[in-house]
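K.L.:
what follows is a protein structure lacking sequence information:
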Ligand SMILES: [Zn+2]
């Protein structure tokens, strides 16, 4: 039994509605893919139930081609609404924005929920701020102005 669920683009807030299985639990909607998650194209009718994937890769505002299967079959619909949620990156930008975002389902392994790896940007920021800053090499005894010979 599938039913419609709505999400919004984290870039511009464009609201999308998809039909999906009710038992799949959502983890998050992010502007980047989570490490280790497998994403399906929402327009691929072979994946219409999303049972064998970890998430869905959206392109904001993208519709299936007219000649392809209809919206009701792929189960994706851009409602034309724009979310005004606080975590929308840029609510004033043109919507839909054609940018990519990712809906991730909760994954389990051996009964335990898998936590996604942090975004690589966050990892880099964390290591830059943790611990003392690197020394700039030995200070020459005759003071600054180093490369004299
Ligand atoms: Zn967008």
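P.N.:
Done, it's in. Since the model is a prediction, treat every value here as computed from it, not as a measurement.

K.L.:
isn't residue 77 up against residue 18?
P.N.:
Yes - counting by CB atoms under 8 Å, residue 77 touches residue 18, with 7.5 Å between them. Where you see a C-beta, it was placed from the backbone N, CA and C, and this is true even at glycine.

K.L.:
which neighbours do those two share?
P.N.:
The contact sets of residue 77 and residue 18 overlap at residue 4 (CB atoms under 8 Å, 6 or more residues apart in numbering).

K.L.:
show me what contacts residue 39?
P.N.:
By CB under 8 Å, 6+ apart, the contact set of residue 39 is 33, 53, 54, 55, 56, 57, 102.

K.L.:
ok, the fifth one - how many residues close by?
P.N.:
What that stands for is residue 56. Residue 56 has 23 neighbours, counted by other CB atoms under 10 Å.

K.L.:
keep only the contacts of residue 39 that also lie close to the ion.
P.N.:
Near the ion, taking CB under 5 Å from the ion as the test, no member of those is found.
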